[in-house]
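**Student:** Sequence and predicted structure are below.
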Amino acid sequence: MATGAEVLGYLLPNAQWYLVGNDDYAGITFISGGTITQEQFEAGFPQYDAWKAEQDAQMAADKASATAKLEALGLTADDLKALGL
């Protein structure tokens with residue numbers, strides 16, 4: 001489950017704000033760069049979780065693809081570490 005700070009960073013990546021408390025909209029102070037409503041904030045939790053799951057799945061797929069390419073070349077991840085890559 002996402003935190004309030006993660007949701008704010010996701011919804012307002014270029015804004016300045018601070019959050020006091022435990023993921024409660026009333027604890028947000030917007031400084032500059034935009035604001036969101038309480039409804040947008042609350043809807044952001046499942047949105048962030050879905051986005052994060054997509055990012056994690058893509059990272060796992062990329063790693064599997066890279067590993068398969070290394071194996072096709074006869075290399076392992078340990079070989080690359082030994083080369084400093």
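**Tutor:** On my side now, so go ahead.

**Student:** W17 should be in a helix, yeah?
**Tutor:** No: per DSSP: H, G, I helix; E, B strand; the rest coil, W17 lies outside any helix segment and is strand.

**Student:** average pLDDT across the longest helix out of those in the chain?
**Tutor:** With secondary structure taken from DSSP state H, the chain has its longest helix at helix 38-72. Helix 38-72 carries an average pLDDT of 94.

**Student:** Give me the phi and psi for the most far-flung residue of the chain relative to its centre.
**Tutor:** Within the chain, G74 marks the point farthest from the mean C-alpha position, 33.1 Å out by Cα atoms, centre = their mean. Dihedral angles of G74 (phi, psi; degrees, to the nearest 10) stand at phi 80, psi 20.

**Student:** OK, contacts around it?
**Tutor:** G74 makes contact with no residue, according to Cβ atoms under 8 Å, 6 or more residues apart in numbering. Every C-beta, even on glycine, is put in place using the N, C-alpha and C of the backbone.

**Student:** for I36, what are its contacts?
**Tutor:** With contact set as Cβ under 8 Å, 6+ apart, I36 has these partners: L8, L11, L12, G44.

**Student:** can you tell me the helix or strand for the closest residue to the last one other than its chain neighbours?
**Tutor:** By that I understand G44. Nearest non-adjacent residue to G44, counting by Cβ to Cβ, 6 or more residues apart in numbering: V7, 4.0 Å away. Assessed by DSSP states H and E, V7 sits inside helix 4-11.
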